[in-house]
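Colleague: Provide a 3D model corresponding to the input given below.
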Amino acid sequence: MKKWMAALLAVAMMCALAACGGGGSGETTQSPTGNEVVENSPSPAVEPSESQPVEETTKPAAESFAIGDTITLDFVEMTFTETGIAEDIRTSITTNNGVQITRTTGPEPESGKQFVYIKGTIKNLATDALPVYDFFVGNFMVDQYNFEVDATNCDVITAEGESLSSIDPLTTGSFTLYAAIPNELVESHSSSSFTFGFYDLFDNEELARNRAFEDDPISLCPYQYTVDLGV
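Modeller: Numbers count the residues shown, from 1 in each chain. A predicted model of the protein is given here:
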């Protein structure tokens, strides 16, 4: 009897040990069917979306004109009538309003230099007077050489030769723009042009400010023009 009880206890202990051994954890996870092994793989990396390219703002290009052409805007009309290179570009006008008067405008000749110039007319189409100062801010380009122009290189006169500080509505004045260039360049150059710009109603305060900080202030003007001189 004692032997039978001991055998029964031994069988019970073996069953208990077998049950405990089946609960160990492995490195892989079995599928519900027990046949397939599913490996734990990392999630795929999410590729960053491509950033949209930054659109570059395109500056307006200068319109091209030639001698004889006219620029017509709401507030002004400009015609280019003459161009050339000369040692002396002074203009003398004699009027006779009771007393004969001769007025001479233009720069004094400079030794070793000549003047590249452009002449024309400017008419005020606005309802108020237009300021003459900084009518033409730009540069003469002779080959690759740049010669800046501002109010000191521009004469605006009446038909009687009087200098104008402003142009009244529906009034026309004559202008001469110029730059002194070395004789060596006069004899050897192959191309020449004049590029200039301005703001509405010639309110060029912003242009004057940009000239102090920008390499190319003309490119910021709403009105930009290039005149082929052909001399």
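Colleague: dig out what Ser166 forms beta bridges with.
Modeller: Pro131 (DSSP bridges).
Colleague: what's the neighbour count on the residue nearest to Leu201 when sequence neighbours are not counted?
Modeller: Distance criterion CB to CB, 6 or more residues apart in numbering; nearest residue to Leu201, sequence neighbours excluded, is Phe75 at 5.4 Å. From N, CA and C alone the C-beta is placed, and that goes for glycine too. Counted with other CB atoms under 10 Å, residues neighbouring Phe75 total 14.
Colleague: show me the contacts for Phe75.
Modeller: Asn124, Leu125, Ala126, Leu130, Asp200, Leu201 (CB atoms under 8 Å, 6 or more residues apart in numbering).
Colleague: which one of the residues you listed sits closest to Ala62?
Modeller: When those are compared for distance to Ala62 (CB to CB), Asp200 wins out at 16.9 Å.
Colleague: surely the closest one is in contact with Pro222?
Modeller: Yes: with contact defined as CB atoms under 8 Å, Asp200 counts as touching Pro222 (6.9 Å).
Colleague: comparing these two, which residue is more hemmed in?
Modeller: Asp200 (12 against 9).
Colleague: measure Asp150 to Asn204 for me?
Modeller: 10 Å (CB to CB, to the nearest Å).
Colleague: show me which of the two is the more surrounded one.
Modeller: Remark: of Asp150 and Asn204, Asn204 carries more neighbours, 22 against 15, as counted by other CB under 10 Å.
Colleague: I'd say that one and Val137 touch.
Modeller: Yes: with contact defined as CB under 8 Å, Asn204 and Val137 form a contacting pair (6.5 Å).
Colleague: and Gln224, how far from Thr105?
Modeller: Gln224 is 27 Å from Thr105, where distance means CB to CB.
Colleague: touching, Gly106 and Arg90? I think so.
Modeller: Yes: between Gly106 and Arg90 there is a contact under CB under 8 Å: 3.6 Å.
Colleague: anything in contact with each of these two?
Modeller: With CB under 8 Å, 6+ apart as the test, Gly106 and Arg90 reach no residue in common.
Colleague: would you map the helices across the protein?
Modeller: Assigned by DSSP state H, the helices in the chain fall at 2-21, 183-188, 205-213.
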